[in-house]
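> Mind looking at a prediction? Sequence and model below.
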Protein chains: 2
Amino acid sequence: MSSGDNLEPVRLPARDIPPPTTISDVARVALSEGALGPAPGWPPASDLDAWRRAIADSTALWETVAAATLAATPSSVETRAIGGVTCHVATPPGLDPGGPLYLFIHGGAFVFGGGPYAKAQAAMQADRLGVASVSVDYRMPPDHPFPAAPEDCFAVYQALIATHDPARIVIGGSSAGGNLAAALTLMIRDRGLPAPAGLVLLTPEVDLTESGDSFQTNALLDVTLKGSLHNCNALYAQGHDLTDPYLSPLHGDLHGFPPTLVQTGTRDILLSNSVLMHRKLRRAGVEADLHVWEAMPHGGFGPFGAGGAPENAEIDEEVRRFIARRVA
Amino acid sequence: MSSGDNLEPVRLPARDIPPPTTISDVARVALSEGALGPAPGWPPASDLDAWRRAIADSTALWETVAAATLAATPSSVETRAIGGVTCHVATPPGLDPGGPLYLFIHGGAFVFGGGPYAKAQAAMQADRLGVASVSVDYRMPPDHPFPAAPEDCFAVYQALIATHDPARIVIGGSSAGGNLAAALTLMIRDRGLPAPAGLVLLTPEVDLTESGDSFQTNALLDVTLKGSLHNCNALYAQGHDLTDPYLSPLHGDLHGFPPTLVQTGTRDILLSNSVLMHRKLRRAGVEADLHVWEAMPHGGFGPFGAGGAPENAEIDEEVRRFIARRVA
């Protein structure tokens, strides 16, 4: 029995689940290596010192990776304030800076990924998708909890549409960035701004209450995100009701959303977030497309989707096609 | 370790998985009741007497259900040979019999569902989708193994397009019927017939080798289809190579397929079949849409998707919209 009602659970025996043969060899190795890795332990939301240390460690790690990415990118990358918010803008060679824009909101559990990661993401999106990309270096906890992040994203969008046609802007984000991309889209609609041309939600964390089935069924099976994000969510929400649509867009009214691409994997702990969001968008009459990859954990195969699995490249290809179609 | 390589499995402890709170109450009760039900035991493919008994029992069960369905349907239902194959044709009241057609191929593990079930399905599809529906009562094992079933479907399609514009025909099927719908579409292309307007694959069993990840991850978790269909597949295939595309369309070249709708659920043991088929269709340049329902087992919530879960009705709504768009 569970949750106080009389409903029977499915009783599953202990099981070993090997990587399936239906994915690439690179992806199989990534699942195998992930299976051996430890589960991350996030500090409780109240331990701000521990959080500051964890964030500093993560940022230091990314300094190196970001430096290599930025040294290798053929795109031009600059950091500047847009709407008063730090942004990193990457423009692929030969592209008109006044052309289509991808407004990308990085992931990192609402806590990680600021600075070098956010900057590297601008270049990575521009290089992989062939579109000028604006990566928002939004404020984060512990110093700047909700609603600083979505308000920063809103300020950037508002400033961008003063000089860019919103019909040539696509908003996107991954994981916590998918949450913020959806929250931003809600704010845009609620505050009467013109909608962007499209929305890309990559393995989005759109329900901070973690109510979906996959938080049980894919627990531990997702080798990238091995447990609940409860502590991160609590640090971010700072006591706000987690069902507030700007915190958990799955709980919002999604009418008026632009065409939306939703991506996830069958082993993604956020699988339920993704499929529930897709269905709610469809019920609201939104042109929403769902793409689910076989056995893929949160964020693609390999740490942060790196490592060269062809499945990861296939996600880029779908996003590239979606953006091209939307801004055509 | 598994399958002879050095890849680590994910080691999952024993777990109780209750119905999630993110589905309807009707669906939650269906999952709970399903959790208590026994796993079906199918006879080995060699025990033809046992199979004949199992088929007779299933058909007898369906006589009653089908009679009630046919007594209640507002559609006109007639049984007649099309291309030499027994078919059941259901036309909703007021619809032109020369208008759009849904060529529906019933499920039942390639073994069950002939006769009364196939006839009831014609009425159910017509009533739920509002389109004239032709349900193929294709031949099945033990007397008529592969390729009798797809050849029967092909003969029906060939006969239908002599009098109906293929641009106004959508082909669809559920489970084993989804397999046959995809195999039929391959045959149509391979033999140079004009393609139908669209293809509907409901929780399709498109890989009889059962290679996908969900055959492990959703084993037992899928309360409707609790185990492998190996025995049924062997009875149907009768020694043919299971990777033959007409037996396992996932192994085929899918170029030239018409726009396709693929439906599944996160607890469907055929989840991997569905998402792999969707991805392969996309890679072949086909306009393919994927729809995945939260916590849904094979075939919808409740036995045979019956029981009134709103999620089941939502599948019908997506199929109805797809057909209307395709034959417009």
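Great, that's in hand. Numbering: from 1, shown residues only, chains lettered A, B, ... in the order given.

> going forward, measure contacts between C-alpha atoms and count neighbours the same way
OK.

> Look at the nearest residue to A:Pro9 once chain neighbours are set aside and say how many residues are nearby.
Using C-alpha to C-alpha, 6 or more residues apart in numbering or on different chains and skipping residues adjacent in sequence, the residue nearest A:Pro9 is B:Pro18, 3.7 Å away. Burial measure for B:Pro18: 21 neighbouring residues, criterion other C-alpha atoms under 10 Å in any protein chain shown.

> Determine the number of other residues adjacent to A:Ser46.
Counted with other C-alpha under 10 Å, A:Ser46 comes out at 13.

> give the contact list for it.
Under the criterion of C-alpha atoms under 8 Å, 6 or more residues apart in numbering or on different chains, the neighbours of A:Ser46 are A:Leu235.

> My reading is that it lies in a helix. Confirm?
No: assigned with DSSP: H, G, I helix; E, B strand; the rest coil, A:Ser46 falls outside any helix and is coil.

> Report pLDDT for it.
At A:Ser46, the model reports a pLDDT of 94.

> tell me the mean pLDDT for stretch A:233-240?
For stretch A:233-240, mean pLDDT is 97.

> Over to stretch A:10-27?
Across stretch A:10-27, pLDDT averages out at 97.

> just stretch A:121-130 next, same as before
Stretch A:121-130 shows a mean pLDDT of 97.

> And for the closest residue to chain B within the stretch 151-300 of chain A, the neighbour number?
Residue nearest to chain B within the stretch 151-300 of chain A (C-alpha to the nearest C-alpha): A:Asp213, separated by 5.2 Å. Residues lying near A:Asp213 (other C-alpha under 10 Å) number 25.

> wait, isn't it in contact with B:Ala295?
Yes: judged on C-alpha atoms under 8 Å, A:Asp213 makes contact with B:Ala295 at a distance of 6.2 Å.

> which residues are common contacts for those two?
Joint contacts of A:Asp213 and B:Ala295 (C-alpha under 8 Å, 6+ apart) are B:Pro19, B:Pro20.

> can you tell me which residues contact A:Gly83?
Contacts for A:Gly83 (C-alpha under 8 Å, 6+ apart) come out as A:Ala155, A:Val156, A:Tyr157, A:Gln158, A:Ala159, A:Leu160.

> Closest one of those residues to B:Thr224?
Nearest to B:Thr224, judged by C-alpha to C-alpha, of the contacts of A:Gly83 is A:Tyr157 at 47.0 Å.

> What residues does the stretch 1-150 of chain A have near chain B?
Proximity of the stretch 1-150 of chain A to chain B (C-alpha under 8 Å from any C-alpha of the partner chain) is limited to residues A:1-2, A:7-22, A:28-29, A:31-33, A:35-36.

> Which of the residues you listed fall within strands?
Cross-referencing those against strands under DSSP state E gives A:Val10, A:Arg11, A:Leu12, A:Arg15, A:Asp16, A:Ile17.

> Now that we have these, which of them are buried?
Among these, those classed as buried by 16 or more other C-alpha atoms under 10 Å in any protein chain shown are A:Val10, A:Leu12, A:Asp16, A:Ile17.

> does the first one really touch B:Arg28, like I thought?
No: with contacts defined as C-alpha under 8 Å, A:Val10 does not count as touching B:Arg28, sitting 11.7 Å away.

> Work out for me the element A:Leu199 sits within.
If you go by DSSP states H and E, A:Leu199 is part of strand A:198-202.

> which outside residues touch that strand?
For strand A:198-202, contacts defined as C-alpha under 8 Å, 6+ apart pick out A:169-175, A:178-179, A:181-182, A:258-264, A:299, A:319, A:323, A:326.

> if I look at the nearest residue to A:Ala148 once chain neighbours are set aside, how far off is chain B?
The shortest distance from A:Ala148 to any non-neighbouring residue, by C-alpha to C-alpha, 6+ apart, is to A:Arg139 (6.0 Å). A:Arg139 is 31 Å from chain B, where distance means C-alpha to the nearest C-alpha, to the nearest Å.

> quick one: A:Arg139 and A:Phe146, what's the gap?
The spacing between A:Arg139 and A:Phe146, counted by C-alpha to C-alpha, to the nearest Å, is 9 Å.

> so A:Val136 bridges to which residues?
Beta bridges link A:Val136 to A:Cys87, A:Ile105, judged by DSSP bridges.

> if I pick A:Ile188, what's in contact with it?
The contact partners of A:Ile188, taken as C-alpha under 8 Å, 6+ apart, are A:Phe154, A:Pro194, A:Ala195.

> Could you rerun that using 7 Å?
A:Ala195 (C-alpha atoms under 7 Å, 6 or more residues apart in numbering or on different chains).

> my read: A:Pro204 touches A:Leu276, true?
No: using C-alpha atoms under 7 Å, A:Pro204 is not in contact with A:Leu276; the gap is 10.8 Å.

> Could you check which of the two has the larger neighbour count?
A:Pro204 (30 against 21).

> which residues touch that one?
Going by C-alpha under 7 Å, 6+ apart, A:Pro204 touches A:Ser174, A:Ser175, A:Ala176, A:Gly178, A:Asn179, A:Leu270, A:Asn273, A:Ser274.

> Please identify which of those is nearest to A:Pro44.
Checking those against A:Pro44 by C-alpha to C-alpha gives A:Ala176 as the nearest, at 18.2 Å.

> returning to that earlier point: what mean pLDDT does the strand holding A:Leu199 have?
For strand A:198-202, the per-residue pLDDT averages 98.

> quick revisit: give me the number of residues near the residue nearest to the residue of the stretch 151-300 of chain A closest to chain B when sequence neighbours are not counted?
The shortest distance from A:Asp213 to any non-neighbouring residue, by C-alpha to C-alpha, 6+ apart, is to B:Pro20 (5.2 Å). Neighbour count for B:Pro20, taken as other C-alpha under 10 Å: 22.

> before we move on, what about A:Pro166?
Residues near A:Pro166, counting by other C-alpha under 10 Å: 22.

> just A:Arg325 next, same as before
Residue crowding around A:Arg325 was assessed by other C-alpha under 10 Å; the count is 11.

> Now for it, which secondary structure element holds it?
Counting by DSSP H and E, A:Arg325 is part of helix A:310-327.

> hmm, that helix touching chain B?
No: Helix A:310-327 is not in contact with chain B by C-alpha under 7 Å from any C-alpha of the partner chain; minimum separation 8.8 Å.

> counting contacts, what elements does that helix pack onto?
Judged by 3 or more C-alpha pairs under 7 Å, 6 or more residues apart in numbering or on different chains; DSSP states H and E, helix A:310-327 is in contact with helix A:116-129.

> gap between the helix it packs on and the chain center?
Between the centre of helix A:116-129 and the centre of its chain there are 13 Å (C-alpha atoms, centre = their mean, to the nearest Å).

> Quick check: buried residues in it?
Within helix A:116-129, the residues scored as buried using 16+ other C-alpha under 10 Å are A:116-127, A:129.

> CA atoms of that helix as PDB?
Extracted as PDB, the C-alpha positions of helix A:116-129 are listed here (Å, rounded to 0.1, in the frame of the first residue of the first chain):
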ATOM      1  CA  PRO A 116      32.300  29.400 -17.300                       C
ATOM      2  CA  TYR A 117      29.700  26.700 -17.900                       C
ATOM      3  CA  ALA A 118      27.100  29.300 -19.000                       C
ATOM      4  CA  LYS A 119      29.700  30.800 -21.300                       C
ATOM      5  CA  ALA A 120      30.800  27.500 -22.800                       C
ATOM      6  CA  GLN A 121      27.100  26.600 -23.400                       C
ATOM      7  CA  ALA A 122      26.700  29.600 -25.700                       C
ATOM      8  CA  ALA A 123      29.500  28.300 -27.900                       C
ATOM      9  CA  MET A 124      28.300  24.700 -27.700                       C
ATOM     10  CA  GLN A 125      24.800  25.600 -28.700                       C
ATOM     11  CA  ALA A 126      26.000  27.900 -31.500                       C
ATOM     12  CA  ASP A 127      28.400  25.300 -32.900                       C
ATOM     13  CA  ARG A 128      26.100  22.300 -32.600                       C
ATOM     14  CA  LEU A 129      22.900  24.000 -33.800                       C
END
